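Chemist: Structure for the following, please:
(one chain, ligands or ions: 2)
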Amino acid sequence: MSDLIKIKKEKIDEVIKIENLTKKYSSKLTALDNICLDVSSNDFTAVIGPSGAGKSTLLRCINRLVSPTSGHIYLNGKDITDIGGARLLNVRRRIGMIFQQFNLVKRVSVIENVLVGRLRFSSSPVKYFSSLGGKFMREDREAAFECLRQVGIEKHAFQRADTLSGGQQQRVAIARVLAQNPDIILADEPVASLDPRSSDMVLEILQKIHEEKKIPVMINLHQLEIAKNFTKKIFALNQGEVVFKGKSSSLSINDIKDIYGYIPGELQYKKVSNF
Ligand SMILES: Nc1ncnc2c1ncn2[C@@H]1O[C@H](COP(=O)(O)OP(=O)(O)OP(=O)(O)O)[C@@H](O)[C@H]1O
Ligand SMILES: [Mg+2]
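Modeler: Ligands and ions are numbered 1, 2, ... in the order given. All right, here's what the predicted structure looks like:
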C-alpha cells in the first residue's frame with residue numbers, strides 16, 4: 001500500500017480524535033488533564049481507573065453533555081468541541097450512549113422506548129411529536145423491531161419496560177442505541193448493576209455489534225477481568241491523567257498497581273476469616 005493511501009485510510013478510520021482535552025469543574029478540580037486519544041472503527045476500548053479518575057467526564061465530553069475547558073474533540077474529522085443547536089443534536093444522534101441505570105422510560109413499552117430513542121433525533125419534528133403521542137410509522141416500527149431482534153429481546157417488545165430484569169433492560173437500551181445507527185457507542189459502567197451472567201450477555205452483544213457493524217465501542221469499567229476478557233484496548237486514567245494506554249492483553253500487575261495504587265487481592269489489612 002502506498003503511503004498516501006495508507007494515510008487516507010487511517011484518516012477515514014479515525015472516528016474520534018481527542019487532542020489535549022482538559023476539563024476543570026473549578027479552579028481546584030481538574031477532572032481531565034491534557035488527554036489525547038484516537039478511536040478507530042476497529043477499537044473496542046475499556047476506560048478504567050479508580051473512582052473519580054475522570055472516566056465519566058471523558059465520555060460526557062465526547063457527547064458534549066459536559067463542555068470541555070480546553071482542547072479539541074473531532075468526530076469523523078469534524079471539530080465538535082464548541083458546536084451547539086442543531087449541529088450538536090446531530091452529533092448526539094451519531095453517538096450512542098449507554099448508562100449504568102439503563103435510562104429507559106419505565107412506564108412505556110419496550111418497543112416505544114426504542115422508537116422514541118430513534119425519533120428523538122429525527123430531522124422531522126412531525127414524526128417526533130407523533131411518536132410522543134404513540135403514533136409511529138410502519139417503517140420505524142419495523143426498524144425498531146429489528147434492533148430488538150439483534151439484542152434477542154423481541155418477544156418482550158410490548159411489555160412495559162420496567163417489568164424486565166436489569167439485564168433485559170440494558171439490552172433494550174442497546175437496541176435503542178442501535179436504532180440511532182450510531183458512529184460510536186459510549187457505555188458508562190453498563191454492567192455495574194448486573195449479575196455475572198447478564199453482564200457477560202451484555203458484553204457479548206456489544207462485542208457482536210462491534211464486530212459485525214464495525215462500530216467502535218468505549219466502555220467505562222471497574223471490573224478488570226471484564227476489561228481484559230472482552231475489550232481489545234485499555235485506556236486508564238488516574239486523577240484525570242492517562243496512566244496506561246495499550247492492548248488489554250498486555251495489562252500487567254505492575255500496570256494495575258500504577259493505575260489503582262495497589263494490587264487487588266493484596267490489601268495490607270488483615271482479612272477477617274475466623275468468625
Ligand atoms: N458535574 C460535576 N461538577 C463538579 N465536579 C464533578 C462533576 N462531575 C464530576 N466531578 C468531579 O470530577 C472528578 C471526576 O469525576 P468522574 O465522575 O468523571 O469520575 P469517574 O472516573 O467516572 O468516577 P466513578 O468511577 O466513581 O464513576 C471527580 O472528582 C468528581 O467529583
Ligand atoms: Mg463514572
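
Chemist: Specify the local secondary structure of the most centrally placed residue in the chain.
Modeler: Residue closest to the average C-alpha location in the chain (Cα atoms, centre = their mean): residue 186, at 1.5 Å. Three-state call for residue 186 (DSSP: H, G, I helix; E, B strand; the rest coil): strand.

Chemist: Would you confirm that it contacts residue 65?
Modeler: No - applying Cβ atoms under 8 Å as the test, residue 186 and residue 65 come out as separate, 10.1 Å apart. Yep, even glycine has a C-beta here, placed from its N, CA and C like the rest.

Chemist: how about the residue nearest to the centre of the chain, what does it touch?
Modeler: The contact partners of residue 186, by Cβ atoms under 8 Å, 6 or more residues apart in numbering, come to 59, 62, 63, 95, 96, 97, 98, 217, 218, 219.

Chemist: That one bridge partners, please.
Modeler: Beta-bridge pairing for residue 186 (DSSP bridges): residue 97, residue 218.

Chemist: I'd like the distance between it and ligand 2.
Modeler: Residue 186 sits 12 Å away from ligand 2, going by Cβ to the ion, to the nearest Å.

Chemist: again with residue 255
Modeler: 20 Å.

Chemist: Then residue 41?
Modeler: Relative to ligand 2, residue 41 is positioned 25 Å away (Cβ to the ion).

Chemist: okay, now that residue: neighbour count?
Modeler: Residues contacting residue 41 under the criterion other Cβ atoms under 10 Å number 15.

Chemist: cool, and residue 264?
Modeler: Residue 264, neighbours per other Cβ under 10 Å, totals 11.

Chemist: how about it, phi and psi?
Modeler: Residue 264 has phi and psi values of phi -50, psi 140 when expressed as degrees, to the nearest 10.

Chemist: Name the nearest residue to the closest residue to ligand 2 within the chain, ignoring sequence neighbours.
Modeler: Nearest to ligand 2, among the residues of the chain, is residue 56, at 3.1 Å (Cβ to the ion). Closest residue to residue 56 apart from its sequence neighbours, by Cβ to Cβ, 6 or more residues apart in numbering: residue 188 at 5.4 Å.

Chemist: pretty sure the one you found is touching residue 100, no?
Modeler: Yes - under the criterion of Cβ under 8 Å, residue 188 makes contact with residue 100 at 6.3 Å.
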